[in-house]
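[1] Okay, here's the prediction I keep looking at, along with the sequence it came from:
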Amino acid sequence: MYTTLLVEDEKLAADRLERMLQQIAPDIRVQAKVDSVSAAVAFLKNQQPELIFLDIHLADGSGFEIFDQVRVNCPVIFTTAYDEYALRAFQVNGIAYLLKPIGQDALAASLQKLKAIQASGTQVASLDALLAQIRKGESPYRKRFLVAYGNTIKSIGISEVAYFFAENKAVYLVEKTGGKYVLDETLDQLSEGLDPEVFFRVNRSFMVQVDAIRQMHAYSRSRIKLDLEPACSKECISSSEKTAEFKGWLGR
């Protein structure tokens, strides 16, 4: 019997996963369901389950933050709607990486993998296989975004993005064609999955793609003011502590 912790900030998704586990894995008992980094850390400080299902995007931050705050000794099966965090997942006890919506076959395969890994006493093969895939040219960085406008859902490739900015507690993706969409992510979360060769966080509010910079102007306190394309209603000025790093990034 595996005692299991579900870390998922969408109640419907957590309930669905629990039902699927009941159907295909009667030897798994869900010990608790929590919806945030803080709640997961509080739980794990007092007890360690034998297995964790962990969503990466949680109500109060990234699921990876849990590993910075508390020691996790058990295997972790990651669940997420995004595919750019796989390498990092395998570096912190990850033995499987399930993309949402999770299917029964994928879930069952991940549990079989868990048992095989525990029987062999190692998970090196899993990490080696992932690294081999990346060496073949699979990028570990974000490739696409799903955005909603009205009743329509749109997929936007990373090459179509000009910049991201935060305003009034919302984060926006701006396309090179001028389209603007609200994202359900913070700029900190976005930073984890974007290629640092292509995107730079110039201040707390802006992350820009190099080709979106139309013109630059010297600004007070050695900062740089950016004119972006397409234009943004919010001023984009590099923070003092980021300016030197920003200049270095531009000169690569």
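    Perfect, I can see it now.
[2] Grab the nearest non-local neighbour of Thr80.
    Setting aside the residues directly before and after it, Thr80 is nearest to Ile56 in space (C-beta to C-beta, 6 or more residues apart in numbering), at 4.3 Å. C-betas here are computed from N, CA, C, even on glycine.
[3] The one you found contacts Phe78, doesn't it?
    Yes. Assessed by C-beta atoms under 8 Å, Ile56 is found in contact with Phe78 at 6.2 Å.
[4] The two: which is more packed in?
    Using other C-beta atoms under 10 Å as the criterion, Ile56 and Phe78 rank with Phe78 on top: 26 against 22.
[5] In terms of helix, strand or coil, where does that one fall?
    The three-state label for Phe78, taken from DSSP: H, G, I helix; E, B strand; the rest coil, comes out as strand.
[6] Quick check: the gap between the residue nearest to Thr80 and Thr177.
    29 Å (C-beta to C-beta, to the nearest Å).
[7] next one: Leu21
    43 Å.
[8] What of Ala162?
    From Ala162 to Thr177 the distance is 9 Å (C-beta to C-beta).
[9] Same question for Leu44.
    45 Å.
[10] more neighbours, those two?
    Leu44 (22 against 8).
[11] Quick check: which element contains the more buried one?
    helix 37-46 (DSSP states H and E).
[12] residues in contact with that helix?
    By C-beta atoms under 8 Å, 6 or more residues apart in numbering, the surrounding residues in contact with helix 37-46 are 5, 7, 32, 34, 54, 58, 60-63, 65-66, 69-72.
[13] Can you tell me which helix or strand of this structure has the lowest average pLDDT?
    Every helix and strand in the chain was compared by mean pLDDT, DSSP states H and E; the lowest is helix 124-135, with a mean of 42.
[14] buried set for the longest helix along the chain?
    As assigned by DSSP state H, the longest helix anywhere in the chain is helix 104-120. Within helix 104-120, the residues scored as buried using 16 or more other C-beta atoms under 10 Å are 107, 110-111, 113-114, 117.
[15] Going by contacts, tell me the helices and strands next to that helix.
    Here helix 104-120 touches helix 11-24, strand 94-99, going by 3 or more C-beta pairs under 8 Å, 6 or more residues apart in numbering; DSSP states H and E.
[16] Just the C-alpha atoms of the first one, please, in PDB.
    Think helix 11-24. The C-alpha coordinates for helix 11-24 follow below in PDB (Å, rounded to 0.1, in the frame of the first residue of the first chain):
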ATOM      1  CA  LYS A  11     -10.000  20.700  -7.200                       C
ATOM      2  CA  LEU A  12     -11.600  19.000 -10.200                       C
ATOM      3  CA  ALA A  13      -8.200  17.800 -11.400                       C
ATOM      4  CA  ALA A  14      -7.300  16.500  -7.900                       C
ATOM      5  CA  ASP A  15     -10.600  14.700  -7.500                       C
ATOM      6  CA  ARG A  16     -10.300  13.200 -11.000                       C
ATOM      7  CA  LEU A  17      -6.800  12.000 -10.300                       C
ATOM      8  CA  GLU A  18      -7.900  10.400  -7.100                       C
ATOM      9  CA  ARG A  19     -10.800   8.600  -8.800                       C
ATOM     10  CA  MET A  20      -8.400   7.300 -11.500                       C
ATOM     11  CA  LEU A  21      -6.000   6.000  -8.900                       C
ATOM     12  CA  GLN A  22      -8.800   4.200  -7.100                       C
ATOM     13  CA  GLN A  23      -9.800   2.500 -10.400                       C
ATOM     14  CA  ILE A  24      -6.400   1.400 -11.600                       C
END
